[in-house]
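>>> Got a predicted structure here, sequence first:
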Amino acid sequence: MSGPEFVLGDVVKVLEPDATVHPDNDPGLSPERCVALYEHMVMTRALDERLVTLQRQGRIGFHIGSMGEEATIIGTAAALDETDWLFPCYREFGALLLRGMPLQAYIDNMYGNANDPVKGRQMPDHYSGKPYRFGSVSSPIGTQITQAVGFAWAAKLRGEKLAAIVYFGEGATSSNEFHCGANFAGVYRTPTVLVCRNNGWAISVPAEKQSATDTFAQKAFAYGLHPIRVDGNDLLAVYKATREALALARAGTPVLLECLTYRLSGHSTSDDPTRYRGQDEMAAERLKDPLPRMRAFLEKKGLWSEAKQAALIAKVDADVKAAVEKAEHSAAPELDTMFDDVFAERPWHLREQYEESKRAPRAQGHGSH
Ligand SMILES: Cc1ncc(C[n+]2csc(CCOP(=O)(O)OP(=O)(O)O)c2C)c(N)n1
């Protein structure tokens, strides 16, 4: 039994400390695309902040965000071809919006109202979007890895020219699903890129306690995957590394891409990170925030200014406000949609439950949205 020989290369970096890019290292994105991706990161951050506020006000039940990880999530998603598929963890709403889901549909999902694409049956931030080639968020850790690998394997068997990218935190590398998924990807050489968002923490467990290895990327060796490490707070580096990873995956060498980043917020709105990590660490990590880093690059090139930043924030605020207002005035899903999408024909016991539900308080106009 012998597989390809892999080595763990250096961490891919593109943005220099002085916010320039060496010409040999340029990922080849047009100035317009660089601006658009920066704007998308800013929009994602602003949306994140707004959603935390809405949760604190009791207007939505939950939010799990991507503050600090925008370059990892948006840089990888931007590198996909339209025909590729994306399997999210739970922090990838920025990628979903980049793939084309309208902001309103995402906000409707946060409210679980009648317009929510998943009909209010899930917690907020448990989105999916077939038209955007975007799999479902599945909360049990790591399950999306086997789903993505199986999907890519099926596509390969059918002769479809696509790759699948799947996201998970470094904590998920300790799950059975990571082992099964990585092993299957290696054995069947599926066109898959496994994106490990190494954000330093799995809720309150630090990355050092998650694994005895020095890096997460080196786990690739055990499965015959190609390892790549990248500065996950450098949008241009993430884009470049993902393009390389996708090319390898399409050619039959699946990749484990470790993105070195940091979760600046709590794990979710249900978490208080000050209980387990120090202010010094937070302060040091804020200095590496991917948004100011990309902004400095654009400013140096004369592509961005304070006025553009202010106009963008004002537009995002107005868009989010309008979407929230609409979502809050939308009805709750119709009661009987609860019974849809399970059986082609509703069986007797569900018909019975449906009749019973019509006599319950919500059907009488109480306890609705
Ligand atoms: C099978 C399973 N066990 C435990 C949990 C609870 N849980 C939710 S997120 C999480 C930590 C995940 O950390 P990581 O994989 O590093 O991803 P991150 O949240 O940092 O992005 C845990 C333990 C779960 N969702 N599923």
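Thanks, I have the structure now.
>>> pLDDT value on the residue nearest to Ser136 when sequence neighbours are not counted, please?
Nearest residue to Ser136 in three dimensions, chain neighbours excluded: Ser128, at 3.6 Å (Cβ to Cβ, 6 or more residues apart in numbering). C-betas here are computed from N, CA, C, even on glycine. On pLDDT, Ser128 comes in at 93.
>>> ditto for the one 4 residues further on
With respect to pLDDT, Tyr132 has a value of 98.
>>> residue contacts, it?
Leu86, Leu96, Arg99, Gly100, Met101 (Cβ atoms under 8 Å, 6 or more residues apart in numbering).
>>> my read: the residue nearest to Ser136 touches Val137, true?
Yes - between Ser128 and Val137 a contact is recorded at 6.7 Å, counting by Cβ atoms under 8 Å.
>>> between these two, which one's more packed in?
Shown here are Ser128 and Val137; by other Cβ atoms under 10 Å, Val137 has more neighbours (24 against 18).
>>> Surely the more buried one touches Pro124?
No - taking contacts as Cβ under 8 Å, Val137 lies outside contact range of Pro124: 10.3 Å.
>>> Now do whatever helix or strand Glu49 lives in, average pLDDT.
For Glu49, the enclosing helix or strand under DSSP states H and E is helix 31-56. For helix 31-56, mean pLDDT is 98.
>>> Check stretch 295-308 too.
98.
>>> again, but for stretch 106-119
95.
>>> How about the contacts made by the closest residue to Gln55 other than its chain neighbours?
Excluding the flanking residues, the one nearest Gln55 by Cβ to Cβ, 6+ apart is Thr269, at 4.4 Å. Applying Cβ under 8 Å, 6+ apart to Thr269 gives the contacts Val52, Gln55, Arg56, Phe62, His63, Ile64.
>>> Might one say that the second one is in contact with Phe62?
It stands for Gln55. Yes - counting by Cβ under 8 Å, Phe62 is a contact partner of Gln55 at 6.4 Å.
>>> Need the per-residue pLDDT for Gln364.
76.
>>> Could you do the one 4 residues further on as well?
Among the per-residue scores, Ser368 shows a pLDDT of 49.
>>> what residues are up against Leu162?
Taking Cβ under 8 Å, 6+ apart as the test, what Leu162 contacts is Asp81, Thr83, Asp84, Trp85, Ala152, Ala155, Pro191.
>>> nope, His226 is what I meant
His226 neighbours (Cβ under 8 Å, 6+ apart): Pro4, Phe6, Ala220, Ala245, Leu248, Thr253, Pro254, Val255, Leu256.
>>> element containing the fourth one?
With secondary structure defined by DSSP H and E, Ala245 is part of helix 235-250.
>>> List the pairing partners of the helix or strand that that helix is followed by within its sheet, with orientation.
Using DSSP H and E, the helix or strand that directly follows helix 235-250 along the chain is strand 255-260. Paired strands of strand 255-260, with direction, are strand 192-198 (parallel), strand 226-231 (parallel) (DSSP bridges).
>>> what about Arg286, neighbour count?
Neighbour count for Arg286, taken as other Cβ under 10 Å: 12.
>>> my bad, should have said Lys119
17.
>>> Enumerate every residue touching it.
By Cβ under 8 Å, 6+ apart, Lys119 lies in contact with Pro333, Thr337, Met338, Asp340.
>>> picking up where we left off before, now for the helix holding Ala245, which elements pack on it?
Applying 3 or more Cβ pairs under 8 Å, 6 or more residues apart in numbering; DSSP states H and E, we find helix 235-250 packed against helix 31-56, helix 70-78, strand 192-198, strand 226-231, strand 255-260, helix 290-300.
>>> which ones are touching whichever residue of the stretch 151-300 of the chain sits closest to the ligand?
Going by Cβ to the nearest ligand atom, the ligand is nearest to Gly169 of the stretch 151-300 of the chain, at 1.9 Å. By Cβ under 8 Å, 6+ apart, the residues touching Gly169 are Cys89, Cys196, Arg197, Asn198, Asn199, Ala202.
>>> Can you tell me how far the fifth one is from Arg121?
Pointing back at Asn199 there. 28 Å (Cβ to Cβ, to the nearest Å).
>>> Settle it for me: which of these two has more neighbours?
Neighbour count, other Cβ under 10 Å: between Asn199 and Arg121, Asn199 has more, with 24 against 13.
>>> Isn't His126 up against Pro140?
No - at 11.7 Å, His126 and Pro140 do not qualify as touching, with contact defined as Cβ under 8 Å.
>>> Neighbour count for these two, which is higher?
Neighbour count, other Cβ under 10 Å: between His126 and Pro140, His126 has more, with 18 against 8.
>>> I'm done for today, thanks for sticking with me.
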